[in-house]
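Q: next come a sequence and a model predicted from it.
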Amino acid sequence: MFASFMTNAWLSGTVVALLAGAVGFFVVVRGASFAAHAIPNGAFAGAAGAYLVGMNPLVGLVSFALLSALGIGVTSRRVRNDVATALSLVAMLALGAAFLSASLIYEPTINALLFGEILGVSSAQLWPVLVLGALSVLALGWLYRPLVYTSVAPELARARGVNATLVDVLFLAVVALATALTVPVVGALLTFSLMIGPPAAARVLVARPGLAIALSVALSVLTVWVSIAASYTFNLPIGFFVGVLGASLYLAARVFARRRVSDSVTYRA
Amino acid sequence: MSWLFEPGWWANGTVRTALLVGFVVAVVSAIVGVFTVLRGQSFAGHALTDVATAGGAGAFLVGLAPLAGFIGGGVAGAGAMDAIGVQRVKGRDIATGVVLGAAMGLAALFLFLAARDSSATGTTQLILFGSIFTVGPSTLAQVSWLSAGVLVALAAIARPLLLSSLSVELAVARGVRVRWVGLVFMILLAVAVGMSAIVIGAILSTALLIGPPASALRVARRFAVGVVLAVVLGVVATWLGVLFAYDSYYWFPSHRGLPVSFFVVAVVLVEYVIASVVHRAAPSPSVAAGWS
C-alpha cells in the first residue's frame, strides 16, 4: 500500500485531514455543522455544472462552494440560521440535479464526486490541493483570534466591536475553500464526516482551544490514514471508513469523558 | 390553455399518480415542517433524509422493500440522535452531525456494494435524487396510509408539542413531558421524511419540509393560519413543479426535460422571497415573534 502509485493518495489525504481537523474544530464550536454539510453539496453542484460547460471541475467546486457560503452567511442575518442553510442547500442541490440531467456524466464520475476516489488522485490534481490547502490554513491563522473570540464569548466580542457577521462570512468562505479541495479526494458527502467526527471528539476530551485543535488535527489525520489503509486492503470505498471511524471516535470520546468525570466525582466524595 | 399545458398532460397516468403522490407528500411535509421550523430542527429534518437514504440503500442491497429501509433507517437515525442528545439545543448540532456522518459512511458502502453486485446502472442517482415520475400506484396507497398515520399521531401530540416548541419552561410548568414529546416528534419526522425521500428524493423532501412552512410562518399571524398556508404553498409548489417539468420536455429541441426537483425548488424559493417581501411590508407579530 506504499507503492509509488499510492504516494498521491497519502499526500493529498494528509493535507485534507490536516485542514479538515483545523477547520472542523471551529465548525463544531460555532455550531455550524449544517453549513459544513450544505457547502460540500453546493460544491458538488458546481462540479456538475463545470462538467456541463466543459470547464475545470475545480473552478466549479470553488465558485459554488463560495456561493453557498455567501448565501448562508448573508441570509442567516435575516432569518434563523438553520432555515437559511436549508434553503441554500436545496437551491444548490436542485441546480446540481438540473446540471446532471442536462449533461451526460458517466455514473462513476458522479460516485467519485459524492464518495471520493482517493486512489485516483493524479499529480496534476495534487498541486491545487496543496496550494488551496496552504491558503486555507493561512486564512484560518489570520482569522484565529476573532474566530475564537466570537465562538467562545460572543457577547464579549460584540462589546469589543468585533463584526460577528463579517467573521462568520469569512469563516464560511474558509470552509468553502477547504471543502472545494477536499471534495475530489474524499467526496462531497465525506468531507462533512471528517469535519465533524474528529473535531467533536477532540472538543469532548480537551477544553483549551489550542490543545483541542492540535488533538482534532491529530485524530483527523489518524482517521484518514487508517481509512486509506483499510480502503486499500479491503477494496471498499474510503468514505465508508471515514464516516464510521469519525462517528466511532466521537462516541469513544464521550464514553471516556464520562468515565473520567465519574472518577473525579468519586475521588472528591 | 395549450400554452400552459403541453399535449397529453390530462390523459397521462404517470402525471396523475405524480400529482396525487405529490399532493399527499406536500401536505404531510408542510404540517410536520411547521413544527420542524418552529423547533429549529431543520438540520435534523434534512439529515434524516440522508440517514433514510442509507437505510434504503441497505434494504436494496439485501433485497428488502426500499420503503421499509427508508423508514427503518430514518427511525433508527432519529433514535440515535435522541440518544446522543438532540434534545439539548447546545448538543443538537453535533448529535445530528455525528449521526449524519456515520449514515453517509454506510450509504457510501451500501451504494458501492449495490453498484458492484448488480448490473443495474443509475441506482445511485435514483436512490439519492429520486423521481416523482417513477412512483407506482401501489406506492401511492402505502404512502397515503403512512401519511394518515403520521397526521393522526401528530394531531394527538399537537398541543403539548406546540407548547414545548414555543417555550420549554412554560411546557414543563404545565406538566408536559418535554423529552417524550420531543422523541415522538423526532420519530414522526423520521417517518414523514423517509417516506418523502423515497417518493420524491432527498432534495425535494427537505425543500418541501422547510420552504413552505418557513414562508408561511413569516406572514401568518396565527398558528392555524400558518399551517393551512404552508399546506397550500407546498401543494402549489409541487403541482407547478410537476407541470413545468412535464412541459420542459417540449422546451428544448433535444427533448431532454429538466428534473422536477429543479422546478419545485424554484417555486419554493420564489414563494419564500414573496413571503419575505410581504413580511417586511407588514411585520407580523405573534407566531413569527417567537420565531424570527
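A: Thanks, I have the structure now. Numbers count the residues shown, from 1 in each chain, chains lettered A, B, ... in the order given.
Q: can you give me the helices for the chain?
A: In the absence of a named chain, this looks at chain A. According to DSSP state H, chain A carries its helices in the segments A:7-29, A:33-53, A:57-75, A:81-102, A:107-115, A:123-152, A:154-159, A:164-186, A:188-205, A:209-234, A:238-268.
Q: correction: the question concerned chain B.
A: Applying DSSP H to chain B gives helices spanning B:13-38, B:42-62, B:66-84, B:89-117, B:123-129, B:137-166, B:168-173, B:178-200, B:202-219, B:223-248, B:260-281.
Q: on that earlier part again, which of the helices of chain A is buried the deepest?
A: Comparing the helices of chain A on average neighbours per residue, with mean count of other C-beta atoms under 10 Å in any protein chain shown, the densest one is helix A:188-205 at a mean of 29. Any C-beta I mention is one placed from the backbone N, CA and C, and that applies to glycine too.
Q: most centrally placed residue in the chain?
A: Went with chain A since none was named. Nearest to the mean C-alpha position of chain A, by C-alpha atoms, centre = their mean, lies A:M195 at 4.0 Å.
Q: the chain in question should be chain B.
A: B:S205 (3.2 Å).
Q: what about the residue nearest to B:G136 when sequence neighbours are not counted, distance to A:G71?
A: In space, and not counting its chain neighbours, B:G136 is closest to B:T17: 7.4 Å by C-beta to C-beta, 6 or more residues apart in numbering or on different chains. Distance of B:T17 to A:G71, given as C-beta to C-beta, to the nearest Å: 34 Å.
Q: A:G161 too?
A: 26 Å.
Q: about what we covered before: correct me if wrong: the residue nearest to the centre of chain B contacts B:A190.
A: No. B:S205 is beyond contact range of B:A190, at 11.5 Å (criterion: C-beta atoms under 8 Å).
Q: ok, residues contacting stretch A:250-261?
A: With C-beta atoms under 8 Å, 6 or more residues apart in numbering or on different chains as the test, stretch A:250-261 has contacts from A:I196, A:G197, A:A200, A:A201, A:A202, A:V204, A:L205, B:I84, B:I94, B:V98.
Q: quick one on the thing from earlier: and for the residue nearest to B:G136, the neighbour number?
A: 18 (other C-beta atoms under 10 Å in any protein chain shown).
Q: wait, it touches B:A141, no?
A: No. Using C-beta under 8 Å, B:T17 is not in contact with B:A141; the gap is 10.8 Å.
Q: model confidence for the residue in chain A that chain B sits nearest to, exactly?
A: Across chain A, the shortest distance to chain B (C-beta to the nearest C-beta) belongs to A:G243, at 1.9 Å. pLDDT, A:G243: 88.
Q: repeat that for B:I132.
A: So B:I132 comes in at 68 (pLDDT).
Q: and B:D82, how far is that from chain A?
A: 15 Å (C-beta to the nearest C-beta, to the nearest Å).
Q: could you check how far the residue lying closest to that residue once chain neighbours are set aside is from B:L170?
A: Nearest residue to B:D82 in three dimensions, chain neighbours excluded: B:L183, at 5.3 Å (C-beta to C-beta, 6+ apart). Between B:L183 and B:L170 the distance is 19 Å, computed by C-beta to C-beta.
Q: again with A:V169
A: A:V169 is 35 Å from B:L170, by C-beta to C-beta.
Q: same check, this time on B:R222
A: 18 Å.
Q: just list the residues touching the residue of the stretch 151-292 of chain B found nearest chain A, thanks.
A: For the stretch 151-292 of chain B and chain A, the shortest gap (C-beta to the nearest C-beta) falls at B:V265, measuring 3.6 Å. With C-beta under 8 Å, 6+ apart as the criterion, the residues that contact B:V265 are A:V90, A:A91, A:L93, A:A94, B:I203, B:L204, B:A207, B:G211, B:G241.
Q: so the fourth one makes contact with B:A207?
A: So that's A:A94. Yes. Counting by C-beta under 8 Å, A:A94 does reach B:A207; the two are 7.3 Å apart.
Q: quick one: low-confidence parts of the chain?
A: Assuming you mean chain A. Judged by pLDDT under 70, chain A has its weakly predicted residues at A:1-2, A:4-5, A:77-80, A:104-120, A:186, A:189, A:261-269.
Q: not quite, go with chain B.
A: By pLDDT under 70, the weakly predicted segments of chain B are B:1-10, B:86-90, B:117-135, B:252-256, B:283-292.
Q: nearest residue to whichever residue of it sits closest to chain A in space, please, no chain neighbours.
A: Among the residues of chain B, B:G105 lies closest to chain A, at 1.9 Å counting by C-beta to the nearest C-beta. Spatial nearest neighbour of B:G105, chain neighbours left out: A:G243 (1.9 Å); criterion: C-beta to C-beta, 6+ apart.
Q: quick one, what contacts the one you found?
A: Contacts of A:G243 by C-beta under 8 Å, 6+ apart are A:L189, A:L190, A:S193, A:G197, B:G101, B:A102, B:A103, B:M104, B:G105, B:L106, B:A108.
Q: how about the second one, what does it touch?
A: Read it as A:L190. So A:L190 contacts A:F115, A:G116, A:I238, A:G239, A:V242, A:G243, B:G101, B:M104, B:G105, B:A108 (C-beta under 8 Å, 6+ apart).
Q: can you tell me which of the residues you listed is nearest A:G133?
A: A:G116 (15.9 Å; C-beta to C-beta).
Q: B:E271 and B:A237 touch, don't they?
A: Yes. In this structure, B:E271 is within contact of B:A237 by C-beta under 8 Å, at 6.3 Å.
Q: give me the common contacts of these two.
A: Joint contacts of B:E271 and B:A237 (C-beta under 8 Å, 6+ apart) are B:G211, B:P212.
Q: is it true that A:L219 touches A:P198?
A: Yes. Between A:L219 and A:P198 a contact is recorded at 3.8 Å, counting by C-beta under 8 Å.
Q: which neighbours do the two share?
A: Common neighbours of A:L219 and A:P198 (C-beta under 8 Å, 6+ apart) are A:G21, A:L249.
Q: now, which of the contacts of stretch A:250-261 sits nearest B:A52?
A: For those, the nearest to B:A52 is B:V98 (16.7 Å; C-beta to C-beta).
Q: mind checking how far that closest one is from B:F262?
A: 31 Å.
Q: the two: who's more crowded?
A: B:V98 (30 against 25).
Q: I figured that one hits B:A83, correct?
A: No. At 10.8 Å, B:V98 does not count as touching B:A83 under the criterion of C-beta under 8 Å.
Q: most tightly packed of the helices of chain B?
A: helix B:202-219 (a mean of 30).
Q: now it, how far from the chain's geometric center?
A: Distance, stretch centre to chain centre, for helix B:202-219: 8 Å (C-alpha atoms, centre = their mean, to the nearest Å).
Q: try stretch A:62-74
A: 14 Å.
Q: is chain B contacted by that stretch?
A: No. Stretch A:62-74 stays clear of chain B (C-beta under 8 Å from any C-beta of the partner chain), getting no nearer than 11.0 Å.
Q: near chain A, which residues of the stretch 151-292 of chain B?
A: So the stretch 151-292 of chain B meets chain A at B:202-204, B:206-207, B:210-211, B:214, B:218, B:256-259, B:261-262, B:264-266, B:268-269, B:272, B:276, B:291-292 (C-beta under 8 Å from any C-beta).
Q: identify the residues contacting B:V181.
A: So B:V181 contacts B:I157, B:P160, B:L161, B:S164, B:A171 (C-beta under 8 Å, 6+ apart).
Q: switch the cut-off to 7 Å
A: By C-beta atoms under 7 Å, 6 or more residues apart in numbering or on different chains, the residues touching B:V181 are B:I157, B:P160, B:L161, B:S164.
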